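K.L.:
mind looking at a prediction? Sequence and model below.
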Amino acid sequence: PAMAAQFSSSPIDTKLIYVQKYYETQEALEKEKETFKTKEAIFKRKENELREKDLKIQESLIKFSKCYLEDNEVKRHKAEEKRDNETKEILKINQNIEEMKAQLEEIKSKNDEIEEQVSQMQIYEDILKEIAAKHPDEYNDIGDIISTHKSFAVNAENLLQRSINAEYG
């Protein structure tokens, strides 16, 4: 137990953990950005396709009205059924567009949150850069500090385990 107090988390350990989380968050952000860009491209493509389809449907309705509605009541009735079905399809398409817009907003919001986390983690990266700059003979870069920390953490865990084993073993 006395040894455990010696190996409690120091500010540098905490900072190193935050830096590691920063890099993990940065990777997650990059993946999220790629996913966002892919979804956005798909959304734009589908939106353009839907607009083109909507224009074709509207043109079709206009042409249909001019050509066939004047002929007889049966044809008019068929045209109304077709228009109703197409309107339902357009409503479904518009609903899909709205859902995709909502998803896009969620992705943008999540992206903003991740960017805020990255910004907050920048403090810890700056601290580690400062440490590396102050001790160039020991650390070439942040990676050296992190690997040194990992090594110390493993050694501390081993020493703690030995202490526990010696005390109770």
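P.N.:
Great, that's in hand.
K.L.:
remind me, longest helix of this structure?
P.N.:
As assigned by DSSP state H, the longest helix anywhere in the chain is helix 73-134.
K.L.:
so what does the helix or strand following that helix touch, helix or strand wise?
P.N.:
For helix 73-134, the following helix or strand on the C-terminal side (DSSP states H and E) is helix 142-168. Judged by 3 or more Cβ pairs under 8 Å, 6 or more residues apart in numbering; DSSP states H and E, helix 142-168 is in contact with helix 2-6, helix 11-68, helix 73-134. Glycine gets a C-beta too; all of them are placed from N, C-alpha and C.
K.L.:
pLDDT weak spots in this protein?
P.N.:
Applying pLDDT under 70 to the chain picks out residues 1-9, 66-70, 72, 169.
K.L.:
give me the most central residue, it.
P.N.:
Central residue of the chain (Cα atoms, centre = their mean): Glu32, 2.9 Å from the mean position.
K.L.:
distance check, Gln58 against His77.
P.N.:
20 Å (Cβ to Cβ, to the nearest Å).
K.L.:
which strands or helices does the longest helix of the chain pack on?
P.N.:
The contact analysis (3+ Cβ pairs under 8 Å, 6+ apart) places helix 73-134 against helix 11-68, helix 142-168.
K.L.:
what angle separates the shortest one from helix 73-134?
P.N.:
Looking back up the chat, that one is helix 142-168. Orientation check (axes from the mean of the first three to the mean of the last three Cα atoms, to 10 degrees): helix 142-168 against helix 73-134 gives 80 degrees.
K.L.:
returning to that earlier point: need the helices and strands packed on helix 73-134 in a markdown table (columns: distance to Ala132).
P.N.:
Listed next are the helices and strands packed on helix 73-134 as a markdown table, based on distance: least, Cβ to Cβ, whole Å:
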| stretch | distance to Ala132 |
| --- | --- |
| helix 11-68 | 11 |
| helix 142-168 | 6 |
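K.L.:
how about the ones you listed, which one is nearest Gln122?
P.N.:
Among the helices and strands packed on helix 73-134, the nearest to Gln122 by Cβ to Cβ is helix 11-68 (7.5 Å).
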